[in-house]
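1. quick check, what structure comes out for this input:
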Amino acid sequence: MSDLFWLTDAQMARMAPFFPKSHGKPRVDDRRVLSGIIFIIRNGFRWCDAPTVYGPHKTLYSRWRRWSGKGIFARMMAGLAASHGEEKTVMIDATYLKAHRTATSMAVKKGGRGRLIGRTKGGMNTKLHAICDSQGRPLDLFITAGQVSDYIGARALLSGLPSVKWLLGDRGYDADWLRDALQDKGIRACIPGRKQRKAPVKYDKRRYKRRSRIEIMFGRLKDWRRVATRYDRCPKIFLSAIALAATVIYWL
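-> Presented below is the predicted three-dimensional model:
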């Protein structure tokens, strides 16, 4: 099949340092299994519908669950993104990801964090918060329930901001505490003021237009069907799907 996805030698070489060590019996061919996993995540197929050329679907699913549970794919994206080289501008934004009915069980396991799925005007959603560089490449990702405010995502991502000169964000991030925190880091905020502010906030309108790149990034991530629609109940596994998509699109 000509539309099947296969990782190249160069892509495998960049991913290999993040693979866990094999103990005992050697792992099944990494290229074949990972290519099959990417094919499923990108096209939104059920695991049992994986093309036979990738091997048994149970092997694909087992590898996906095991490595996602260990945070392999999230660390892979973070490790590759660490070489971004951005020194001037980063952007922050959030987007909704629709939760499929198979993922919307709201039951919480004892001691667990829940599903990170919440009810919004658009239905049951998970919210993806992201930081990207001036080229629109994701640097850091964080998910919450859909009804959680942008401020919560900003607080979670604030400590991981690289040393840059500017942060671009929309009105949803207009808060005095955030502007003060950025100032403490030596970062200038390019964020429009909310309409209810008594005193208008000045910002660089020309620079602000570049924020469209993070919107384009979200659009490209949502081209992967298992990112645009959440089928996984476990939030850690769903975040792994987002991280894997970001890795393949931007960092390989």
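2. ok, residues contacting stretch 191-202?
-> Residues from elsewhere that reach stretch 191-202 (Cβ atoms under 8 Å, 6 or more residues apart in numbering): 167-171, 173-174, 178-179, 203, 208. All C-beta atoms are positioned from the backbone trio N, CA, C, and that covers glycine.
3. show me which pair in the residues you listed is furthest apart.
-> Farthest apart among these by Cβ to Cβ are L178 and Y208. That separation is 15.9 Å.
4. among the two, which residue is more densely surrounded?
-> Ranked by neighbour count (other Cβ atoms under 10 Å), L178 and Y208 place L178 first, with 20 against 17.
5. let me know the pLDDT of the more buried one.
-> Note on L178: pLDDT of 94.
6. from here on, call the first residue 438.
-> All set: I'll call the first residue 438, so the last point we hit is now L615.
7. what's it in contact with, if anything?
-> 588, 591, 595, 626, 628.
8. please identify which of the residues you listed is nearest to T489.
-> A591 (45.5 Å).
9. which is the succeeding secondary structure element to the strand or helix carrying that closest one?
-> Element membership for A591 (DSSP states H and E) is helix 587-595. With elements assigned by DSSP H and E, the helix or strand that comes after helix 587-595 is strand 603-605.
10. partner strands of that following strand and their direction?
-> According to DSSP bridges, strand 603-605 forms sheet pairs with strand 526-536 (parallel), strand 625-627 (parallel).
11. in a markdown table, list these along with mean pLDDT, distance to G516 and mean neighbour count.
-> Output for these, formatted as a markdown table (pLDDT from 0 to 100; distance: least, Cβ to Cβ, whole Å; neighbours: other Cβ atoms under 10 Å):
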| stretch | mean pLDDT | distance to G516 | mean neighbour count |
| --- | --- | --- | --- |
| strand 526-536 | 95 | 18 | 22 |
| strand 625-627 | 94 | 28 | 18 |
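12. out of these, which is closest to T496?
-> strand 526-536 (27.2 Å).
13. how far is that closest one from where the chain is centred?
-> Centroid separation for strand 526-536 versus its chain: 9 Å, with Cα atoms, centre = their mean, to the nearest Å.
14. before we move on, what about stretch 571-590?
-> 8 Å.
15. also stretch 665-679?
-> On Cα atoms, centre = their mean, the centre of stretch 665-679 falls 10 Å from that of its chain.
16. list the buried residues for it?
-> 665, 667-670, 672-679 (16 or more other Cβ atoms under 10 Å).
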